[in-house]
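*Asks:* take a look and give me a structure for this.
(2 chains)
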Amino acid sequence: MNSSEALVVKDLTVEYALKSRTGRIQSRARAVDNVSFSIATGETLALVGESGSGKSSIANAIMRLVEPSVGSITVAGREVTSLSGRDLRESRRDYQMIFQDPFESIDPRRTVLDTVMESLIVSGIGETDAHRRERALAALESVGLTPAPKVGERFAHQLSGGQRQRVAIAAAMVLQPKLLVADEPVSMLDVSLRAGILRLMQKLGSDLDVACLFITHDLSLAWMYADRIAVLYLGRIVEEGAPADIIGNPKHPYTQALVSVIPIPERVNKTERTILTGEIPDSSHIPQGCRFHTRCPLYRALGEPASCRDSDPSLSGRAIHRVACHHSTEE
Amino acid sequence: MNLLDVRNLCVRYGSEQTGVLAVDTVDLRIGQGEFVGLAGESGCGKTTLAMAIPNLLPEGATVVSGSVTFDGQDITHASEETLNSIRWKEISVIFQGALNALNPVKSVGWQIAEPMLAHDSGLSDKDALARARELLDAVGISKSRSSAYPHEFSGGMRQRVMIAMALACKPKLVIADEPITALDVMTQAQILDLLRSLSSSFDLSLLLISHDLSVLADTCDRVQVMYAGKAVESGSAETIFASADSSESAAHPYTNRLLKSYPNILHERVFIDGIPGYPPDLSLPQTGCRFAARCDQVQSVCRTQEPALIELHTNHFVACHFAEQVSR
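*Replies:* Presented below is the predicted three-dimensional model:
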């Protein structure tokens, strides 16, 4: 394995058992289906998809909040899926997460300073409380919550949404992790505040050389923020590449549709939008063959070729731009 | 004549002494068949302004002055009885957080039928349900699912049900408060497309509230931007979203900053700007332009004198001392 990889996810599958009222397993929903990707040190990969695409399941598997059914997850050279107990606790400082909802992710009974210090205590960092306090205050300064001693005394309900998200960032970054998993970190915030939070994440990330898995449903935000984009559909990466390629030259019909519905004021010809009908299928009933064929405009345009129904396409193409579609080049 | 004509409206939360003017002398006009977008950050007063129209303001909020004229009738201080005959039938509302607004123990068909039955005593249950099924069909849900319950639907489907419900009594005006905020991009596109297509078949006017200007661009004929309780700019969508080198484009620095708050994939890949700072605390007395503290083009006059809303070009209103020379 390349030692410069901060995260390597290999053949990851996450299944949830759907149980009947008596507790018998009736079927399994495969939220993540054989997904592999890696993120280099200091790099940001955006995972883009609709709800039901499996993006949060991937994040949760990396954070060890759900157990993967199959696959390995390696953070900073350490395989984490097999860890337990003390080793697991110790490994956690390497990968930290920022959640979507800053109103629910911060303990309302703790002060801001305690929230950040708690991170250090749990990870066993710092010799004394005074030492930890000093580091926590520095972390609050670094996320722009100043004067830190004063803001540190406040409780979550005394802060705005943007300030809370800053606290969450401070609590994650104070551990100097190798990987930051950010699950829709700005989608609950006012548009005017998003830039400030993202700039902060980017600055701290590059100062500390932290890799970032940036999860979002907003393709234009991923384009602006990430070094690389992976598009997820129903538990599978269907296209992966540089932001300029994904937006400027999308190859998968699903990505093409996603790009076409990004709202842009100046888009003159509004009829160019491809609005997919229906919704992402249930992950307990993944369609046979290509999982997108039931909604695919290209499949219909090509006269419903059998290959799309019969065989499941894998990611292929040049390493820098890969796509999982049997017919993407035939346009 | 405009379908809706709101003039100099002031809405206060709390008492006269300690209260906050959440909407401060604001006008809003919506023509027959027109789609108007209302934009601004949280707390700017956009929802308060919209809810004042059918007088659905929360407890503690009062219309202090100004008037609301709907379809030629002054309804500012209309009785509850009059308002009840207007709500749903003339003006319906798709509330924010509508995904949780459906009754979990009633079938969606019944929930759509209920406002019809409440407003038309001559209508039989059977006919109301039949019409509910047609409405489901109109919003893209199979008629056969009218007996299903809300938990059987996804977020996008529930939002479609809410739209069907809003259309049940054939209103002239629909007020939609952040109708797509919690939805996925593809579902957002589907819902906006649905609203557009319904506007012609149902002869609707729409007031669409969103904190995200980009959403309004494709959907609305006209856009009004609010900041800290004031209308700071309004104009046609073409004007507001025109590129900066056009002869006529957004002229208020706040609107321009909002426009730069989301990435534009047609432009160069640059980091979005956002707007540093926060809106002012309206419980304190305001002097000068309310945006002055966050404005990058602020001059001394901005801090002392409140700018009036002036008509910069025909139907393009701006409240900025330097509207004619704002640079982007």
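*Asks:* contacts, neighbours, all on C-alpha from now
*Replies:* Fine.
*Asks:* stretch A:132-150 vs chain B: in contact?
*Replies:* No: contact of stretch A:132-150 with chain B is not found when judged by CA under 8 Å from any CA of the partner chain; the minimum separation is 11.8 Å.
*Asks:* of all the residues in that stretch, which ones are buried?
*Replies:* By neighbour count with 16 or more other CA atoms under 10 Å in any protein chain shown, stretch A:132-150 contains the buried residues A:132-133, A:135-145, A:148-149.
*Asks:* any idea whether residue 92 is helix, strand or coil?
*Replies:* With no chain named, the answer covers chain A. Counting by DSSP: H, G, I helix; E, B strand; the rest coil, the backbone at A:Arg92 sits in helix.
*Asks:* let's do chain B instead
*Replies:* Three-state secondary structure (criterion: three-state DSSP) places B:Ser92 in strand.
*Asks:* what's the closest non-adjacent residue to it?
*Replies:* Nearest in space to B:Ser92, with sequence neighbours left out and distances taken as CA to CA, 6 or more residues apart in numbering or on different chains, is B:Val174 at 4.9 Å.
*Asks:* what helices and strands are in contact with the helix or strand encompassing that neighbour?
*Replies:* When elements are assigned from DSSP states H and E, B:Val174 belongs to strand B:173-177. Based on contacts counted as 3 or more CA pairs under 8 Å, 6 or more residues apart in numbering or on different chains; DSSP states H and E, the elements that strand B:173-177 packs against are strand B:91-94, strand B:205-210.
*Asks:* can I get the ones you listed in CSV with distance to B:Pro104, mean pLDDT and mean neighbour count?
*Replies:* Output for the helices and strands packed on strand B:173-177, formatted as CSV (distance: least, CA to CA, whole Å; pLDDT from 0 to 100; neighbours: other CA atoms under 10 Å in any protein chain shown):
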stretch, distance to B:Pro104, mean pLDDT, mean neighbour count
strand B:91-94, 17, 94, 23
strand B:205-210, 26, 95, 24
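*Asks:* biggest helix in chain A, by residue count?
*Replies:* Using DSSP state H to assign secondary structure, the helix with the most residues in chain A is helix A:191-208.
*Asks:* check what contacts that helix and list those residues.
*Replies:* Applying CA atoms under 8 Å, 6 or more residues apart in numbering or on different chains, the contact partners of helix A:191-208 are A:42, A:143, A:162, A:165-166, A:169, A:173, A:176, A:186, A:210-212, A:225, B:41, B:211-212, B:258, B:261-262, B:271-276.
*Asks:* ditto for stretch B:310-326
*Replies:* Residues lying outside stretch B:310-326 but in contact with it, judged by CA under 8 Å, 6+ apart, are B:231-236, B:239, B:251-253, B:289, B:297, B:302, B:307-309.
*Asks:* mind redoing it with 10 Å?
*Replies:* Stretch B:310-326 is contacted from outside by B:222-225, B:230-236, B:239-240, B:248-256, B:289, B:291-292, B:297-299, B:301-302, B:305-309, using CA atoms under 10 Å, 6 or more residues apart in numbering or on different chains.
*Asks:* could you pull out the strands in the stretch 51-200 of chain A for me?
*Replies:* With DSSP state E, counting those that start in this stretch, the ranges of strands along the stretch 51-200 of chain A come out as A:70-75, A:78-79, A:95-98, A:179-183.
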